[in-house]
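Chemist: Everything below, folded, please.
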Amino acid sequence: MIAASSASAFERQHHFGLDGGVGMLKVGGKDSLSVGGGGGLHYTYGMTDAFNLMVEGCFMQVALEELPGKGVQPNRPTSFSNAGVGVSYVLDVLRWVPYGGLLVEGYSANGGTVQGTSIAVGGAIALGLDYAFNRTFAAGVAFRQHFAFSKISDYPTYTQLLLRLEIAWGY
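Modeler: Modelled structure (predicted):
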């Protein structure tokens, strides 16, 4: 007799993990992208078997040095941080777990030609693919496209490509 393997999705499951990767910031008035590396933390809670609450934060060093000068706008940071909360739709019935979601975000630009800290609010589109080794450990890749709506002329787009490791519990 041939039997199908079982597939299951879990609600009320917690995920906590580490992220690392690259960030690419488009700065208004600058010809090239500010590109650098960094990392962050994420937490996910399974509200249902298909929808997850997401809480994320990340820091990226997007430039080593941005010097003020004639014609240089005071909007060129050396570091860019984000923190947000949102909801994702998850297809977690296989070992490969694709997801997509939306986040409300806060942003902080520091260093370089920025005086003090420049704060912005906006949103992000979240896409990812995780591989569940078992019910406790997973690894994956994530894509985040950010939009700092309150400072859209200074920071039109911000993109992150991340590798993620996480532990899960509570199923």
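Chemist: got the contact list for Leu18?
Modeler: By C-beta atoms under 8 Å, 6 or more residues apart in numbering, Leu18 lies in contact with 39-41, 164-166. Backbone N, C-alpha and C define where each C-beta goes, glycine included.
Chemist: Who are the contact partners of the residue most central in space within the chain?
Modeler: In the chain, the centroid-proximal residue (C-alpha atoms, centre = their mean) is Arg144; its distance is 4.8 Å. Arg144 makes contact with 58, 103, 124-127, 159-160, 162 under the criterion C-beta under 8 Å, 6+ apart.
Chemist: between the residues you listed, which is nearest Gly20?
Modeler: Using C-beta to C-beta, Leu162 comes nearest to Gly20 of the contacts of Arg144, at 6.6 Å.
Chemist: quick one: that closest one and Gly84, what's the gap?
Modeler: Using C-beta to C-beta, to the nearest Å, Leu162 is found at 14 Å from Gly84.
Chemist: How about the backbone phi and psi for Gly170?
Modeler: Per-residue torsions, Gly170: phi 80, psi 60 (degrees, to the nearest 10).
Chemist: and if you look at Tyr107?
Modeler: Torsion angles at Tyr107 (phi, psi; degrees, to the nearest 10) stand at phi -130, psi 150.
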